[in-house]
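*Asks:* Here you go, sequence then predicted model.
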Amino acid sequence: MNQPVNSFVKELKKKGLKKIESTKSMILLKGTFASINNCYIGVKRGDDEGETNKRISVIVLFPGTDNWETLSSLYFSYKQMLTIKHGEPDESQEEFDCSEQPTTNSDCMHQLRMRRCKYKSNFNKDYGTINLFIDLDTDNNGAIMIGYIDRDEKTKSIQETLDDL
């Protein structure tokens, strides 16, 4: 991995995250993020053909849950924090793609598992893109995810965003 990625991962490790896996293009860490235990953080360098591989992408996966109220509450909390820091999202969608809107926890989770849940906010900035969304984890539970795509080696901006959460 290139120097910017190694430096970035080193900073995350200083914050107590533990490296649990590493490949040629990605490093996976686990630990406390935004006061939530057992988060996974994947750090990946750019791999587009012809790219200098200095861009960094980061995805934060919060622990999964089968409680819609918890998911939606966390989503709106992180959206508010990101909005305070980065301004209004360029795109925001919070709805279920079905004829009858779910009203119970089990109905909401069912719609999420059927891929009819559209909860996402995208912040497109000069220094990169931040994506907040609700999706499924590997255990088919709902999970909050935050993705960061660096533009032009602005790893400091990503680190500052991570620090704010």
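*Replies:* Received the coordinates, thanks. Residues are numbered from 1 along each chain as shown.

*Asks:* would you list every one of the helices in the protein?
*Replies:* For the chain, the helices defined by DSSP state H cover 3-14, 68-86, 105-113, 155-164.

*Asks:* Out of those helices, flag the one nearest M26.
*Replies:* M26 lies closest to helix 3-14 among the helices of the chain, at 9.1 Å (Cβ to Cβ). Glycine gets a C-beta too; all of them are placed from N, C-alpha and C.

*Asks:* List the buried residues for that closest one?
*Replies:* For helix 3-14, a neighbour-count test (16 or more other Cβ atoms under 10 Å) marks 4-5, 8-9, 12 as buried.

*Asks:* swap in stretch 129-148?
*Replies:* 130-134, 136-137, 141-148.

*Asks:* and if you look at stretch 60-71?
*Replies:* 60-62, 64-65, 68, 71.

*Asks:* picking up where we left off before, got CSV for the buried residues of helix 3-14, with pLDDT and distance to P102 too?
*Replies:* What follows is these, written out as CSV (pLDDT from 0 to 100; distance: Cβ to Cβ, whole Å):
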residue, pLDDT, distance to P102
P4, 70, 43
V5, 77, 40
F8, 82, 39
V9, 87, 39
L12, 88, 36
